[in-house]
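Colleague: can't give you the sequence, but here's the structure:
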RNA sequence: GCCUAUGUAGCUCAGUUGGUCAGAGCAGCUGAUUUGUAAUCAGCCGGUCGGCGGUUCGAAUCCGUCCAUAGGCUCCA
């Protein structure tokens, strides 16, 4: 007998070799129907795999993340089976589950799959799923495994097997499809009731662009048709929030083929919005002891050779700019730091001067690969809200804290409640990869971890993700479609102080090397505004929006009064405009709603009579009648509250 | 850069097998209307159908190529 501990800590006895499915049946038939896999001592297993010793288990269903992962992983096999049936002779790479669904990388040889083929793959999958094919687990020796796939001629699987140890190789068979796979899988294909092939894309084998490109097929499945429908509706909703759509509609930015791809043109409303963001941060930075600096957009090639950026950005980037002077070359700056390093160096520095915090909204240019450009989130010319802090190694912790204050202040003012904090440390087993002394790395990494802990940031810690020049902390936010974008970043740098031979005179009257921190709370203005648009679905926070209110006179007769209202509002620092078109009020309201202007102030005979406005809030409706003073107070109070630290 | 799609007025989209197929709505302009919480009416303007080649008596429609965009891959703010 084995003792099985359930999540509620109750212990039940079963025969040795009992399966998760058996246990589910002993609880209820309904549960048995819904169980997708089982967690056994923290490891996810097939629900049909025998349990041979005492264990703590959790039955996994669609409501569990791991349950869905099992379903999707099995669905990837099902899709592969369907593809093999429809396109005999194809070879398979890898086919994992992902956050939302699954994919399979396929070598189709001469054939190709386009979205016109999705339907027939979906149909075949459903047809196979209905056969209730069991997923059978089989342990294989390395030799057996290699034999099988050499006979099949699938060099991808052979390569994968080659890297595995004998004794840890398992195959799964469902229907006619046999795959190298760690599992776990569904008991059978029957829970897969709704299928959607989402997209087809090229993907390099093992992510290596020097190797063959396979066809990656993305899909998603659900236990109920209704869930698929809801998922597709969710995708539609997400599309409505897309900054590329809203950015166009709200006239934030545009691109011109003549100016060039990846080079955004900020329209008046977008420029206003961006300037307001910049003013906000400038004020915060001023209060935090930053000093503004301004540097040019280009610098001599030698500058970037010193900084080391030439090696990284020189080859696949904008080519240097020639001058009439022979051998004189300038580089469009891909980073602001080299210029700032030179500012540090323009005079001798004392330990009493540190920390020095140099801030600049610096525009940089990087030649991103053409396939990488994406709205405002990935462009070729962008402005970083950059600053470099030069400090002693002992000051790193307090400087980090100061930067996080700024990041949190920004997130609060913009109502970013959900963000991911990632701390990237070095891989201590591979120290050669990194520049800087052990002692300094340890000190900085400890400081970052302590800061994250003290502030309750719940940071994801990634070892080996640090830059070669120092550890860092990044802040990430998801866009409308769930893709993560890195916004703010704080990075320690041991490299540039060396390369630029920076020094300060210590209390001991000896030269010392300062530490350097790069930081950008927004990341870049372009990406930040893009993510902001998606985050608020185009309804910008009141303090930021280009137009806070629009005055809607009922008819031409109240035009004069509308102008008076506008003037008063301007006196209260409220940004407003008048819709003086000869349209009906309903139309003016509709247009203002679509433009997402927060407040509509309707004025007619009644309002003119008692010097008031009738306030309608965007997305909410009529708020009633306000005196202009009271309305202004309400707006200004809301603004104050949002941007307060 | 690579894979797979897409590209028709400022915007959103029709356009069946190549032959009155260059259209609609919104926006814009003009005029009428003077309007009370999500669309007043009428008229007008607007496109060498992404660019360039080719096939054809004839191309928005078929083919090639280039450019741009979209979803991925690699890379990054």
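Modeller: Perfect, I can see it now. These numbers were taken from a predicted model, which means no experiment stands behind them.
Colleague: what bridges to residue A:365?
Modeller: residue A:381 (DSSP bridges).
Colleague: Mean confidence (pLDDT) on stretch A:571-587, please.
Modeller: Mean pLDDT, stretch A:571-587: 93.
Colleague: where's it relative to the chain centroid, distance-wise?
Modeller: Computed by Cα atoms, centre = their mean, to the nearest Å, the chain-centroid distance of stretch A:571-587 equals 37 Å.
Colleague: So what would you say the end-to-end distance of that stretch is?
Modeller: Terminal residues of stretch A:571-587 are spaced 28 Å apart (Cα to Cα, to the nearest Å).
Colleague: ok, and for that stretch, which residues are buried?
Modeller: For stretch A:571-587, burial by neighbour count (16 or more other Cβ atoms under 10 Å) applies to A:574-579. Just so you know, the C-beta spots here come from the backbone N, C-alpha and C atoms, and that holds for glycine as well.
Colleague: from those, which are also near RNA strand B?
Modeller: Among these, no residue is within reach of RNA strand B (Cβ under 7 Å from any atom of the strand).
Colleague: And those residues, which is closest to residue A:355?
Modeller: Top of the list for closeness to residue A:355, among these and by Cβ to Cβ, is residue A:575 at 36.9 Å.
Colleague: ok, now which ones touch that closest one?
Modeller: Contact analysis of residue A:575 by Cβ atoms under 8 Å, 6 or more residues apart in numbering lists A:545-549.
Colleague: Pull the most distant pair out of those residues.
Modeller: A:546 and A:549 (11.3 Å).
Colleague: which residues touch stretch A:54-67?
Modeller: So stretch A:54-67 is contacted by A:2-7, A:20, A:23-24, A:27, A:31, A:34-42, A:44, A:47, A:51, A:68, A:70-71, A:191, A:223 (Cβ under 8 Å, 6+ apart).
Colleague: contacting residues around the closest residue to residue A:536 other than its chain neighbours?
Modeller: Leaving aside its chain neighbours, residue A:536 sits nearest to residue A:415 (7.3 Å; criterion: Cβ to Cβ, 6 or more residues apart in numbering). Contacts for residue A:415 (Cβ under 8 Å, 6+ apart) come out as A:535-536, A:541, A:642.
Colleague: got those residues as TSV, with secondary structure and neighbour count columns?
Modeller: Formatted as TSV, the contacts of residue A:415 follow (DSSP: H, G, I helix; E, B strand; the rest coil; neighbours: other Cβ atoms under 10 Å):
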residue	secondary structure	neighbour count
A:535	helix	23
A:536	coil	18
A:541	coil	18
A:642	helix	15
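Colleague: Distance check, the nearest residue to residue A:155 once chain neighbours are set aside against residue A:106.
Modeller: Spatial nearest neighbour of residue A:155, excluding adjacent residues (Cβ to Cβ, 6+ apart): residue A:91 at 7.1 Å. Residue A:91 sits at a distance of 7 Å from residue A:106 (criterion: Cβ to Cβ, to the nearest Å).
Colleague: More neighbours: the two, which one.
Modeller: residue A:106 (25 against 19; other Cβ atoms under 10 Å).
Colleague: Show me what the more buried one bridges to in the sheet.
Modeller: Beta-bridge partners, per DSSP bridges, of residue A:106: residue A:92, residue A:215.
Colleague: need the contact list for it.
Modeller: A:80, A:83, A:90-93, A:113, A:214-217 are the contacts of residue A:106 under Cβ under 8 Å, 6+ apart.
Colleague: For the stretch 251-400 of chain A, what lies in contact range of RNA strand B?
Modeller: Residues of the stretch 251-400 of chain A found near RNA strand B (Cβ under 7 Å from any atom of the strand) are A:255, A:257, A:260-262, A:366, A:368-375, A:377-380, A:382, A:384.
Colleague: On the three-state scheme, the nearest residue to residue A:198 once chain neighbours are set aside is what?
Modeller: For residue A:198, ignoring the flanking residues on the chain, the nearest one in space by Cβ to Cβ, 6+ apart is residue A:218 at 4.4 Å. When classified by DSSP: H, G, I helix; E, B strand; the rest coil, residue A:218 comes out as strand.
Colleague: ok, back up a step: list, out of the contacts of stretch A:54-67, those positioned next to RNA strand B.
Modeller: Counting by Cβ under 7 Å from any atom of the strand, no member of the contacts of stretch A:54-67 is near RNA strand B.
Colleague: What ranges does the stretch 351-500 of chain A have for its helices?
Modeller: Shown for the stretch 351-500 of chain A, the helices assigned by DSSP state H, counting those that start in this stretch span residues A:396-413, A:438-454, A:495-499.
Colleague: So which bits of stretch A:226-241 are buried?
Modeller: With burial defined by 16+ other Cβ under 10 Å, the residues of stretch A:226-241 counted as buried are A:228, A:231, A:235, A:241.
Colleague: My read is that residue A:182 contacts residue A:164, right?
Modeller: No - with contact defined as Cβ atoms under 8 Å, residue A:182 does not reach residue A:164; the gap is 9.3 Å.
Colleague: Please name every helix or strand in contact with the helix or strand of chain A with the lowest mean pLDDT.
Modeller: Ranked by mean pLDDT, DSSP states H and E, the weakest helix or strand in chain A is helix A:309-313, scoring a mean of 76. With contacts taken as 3 or more Cβ pairs under 8 Å, 6 or more residues apart in numbering; DSSP states H and E, helix A:309-313 sits against helix A:301-307.
Colleague: Rounded mean pLDDT for the helix it packs on, please.
Modeller: Mean pLDDT, helix A:301-307: 89.
Colleague: before we move on, back to that, hmm, which of the contacts of residue A:106 is lowest in pLDDT?
Modeller: Among those, residue A:113 has the lowest pLDDT, at 83.
Colleague: and that residue, what helix or strand is that in?
Modeller: Of the helices and strands defined by DSSP states H and E, none includes residue A:113.
Colleague: Give me the distance between it and residue A:216.
Modeller: From residue A:113 to residue A:216 the distance is 10 Å (Cβ to Cβ).
Colleague: Identify the contacts common to those two.
Modeller: A:106, A:200.
Colleague: Do a quick rundown of the helices in the stretch 151-300 of chain A.
Modeller: Using DSSP H, counting those that start in this stretch, helices in the stretch 151-300 of chain A cover A:155-162, A:225-241, A:243-249, A:268-287.
Colleague: mind putting the ones you listed in JSON lines, mean pLDDT and distance to residue A:128 included?
Modeller: Output for these, formatted as JSON lines (pLDDT from 0 to 100; distance: least, Cβ to Cβ, whole Å):
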{"stretch": "helix A:155-162", "mean pLDDT": "89", "distance to residue A:128": "21"}
{"stretch": "helix A:225-241", "mean pLDDT": "86", "distance to residue A:128": "17"}
{"stretch": "helix A:243-249", "mean pLDDT": "91", "distance to residue A:128": "38"}
{"stretch": "helix A:268-287", "mean pLDDT": "94", "distance to residue A:128": "50"}
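Colleague: and these as JSON lines, adding distance to residue A:169?
Modeller: Formatted as JSON lines, these follow (distance: least, Cβ to Cβ, whole Å):
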{"stretch": "helix A:155-162", "distance to residue A:169": "7"}
{"stretch": "helix A:225-241", "distance to residue A:169": "34"}
{"stretch": "helix A:243-249", "distance to residue A:169": "46"}
{"stretch": "helix A:268-287", "distance to residue A:169": "54"}
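Colleague: re earlier: okay, the residue nearest to residue A:536: pLDDT?
Modeller: pLDDT recorded at residue A:415 is 85.
Colleague: Repeat that for residue A:8.
Modeller: 87.
Colleague: is it fair to say it lies in a helix?
Modeller: No - counting by three-state DSSP, residue A:8 is not part of a helix but coil.
Colleague: Now it: phi and psi?
Modeller: The phi/psi pair for residue A:8 (degrees, to the nearest 10) reads phi -80, psi 10.
Colleague: any idea how far residue A:90 is from it?
Modeller: 47 Å.
Colleague: The two: who's more crowded?
Modeller: Set residue A:8 next to residue A:90 and count neighbours by other Cβ under 10 Å: residue A:90 wins out with 18 against 5.
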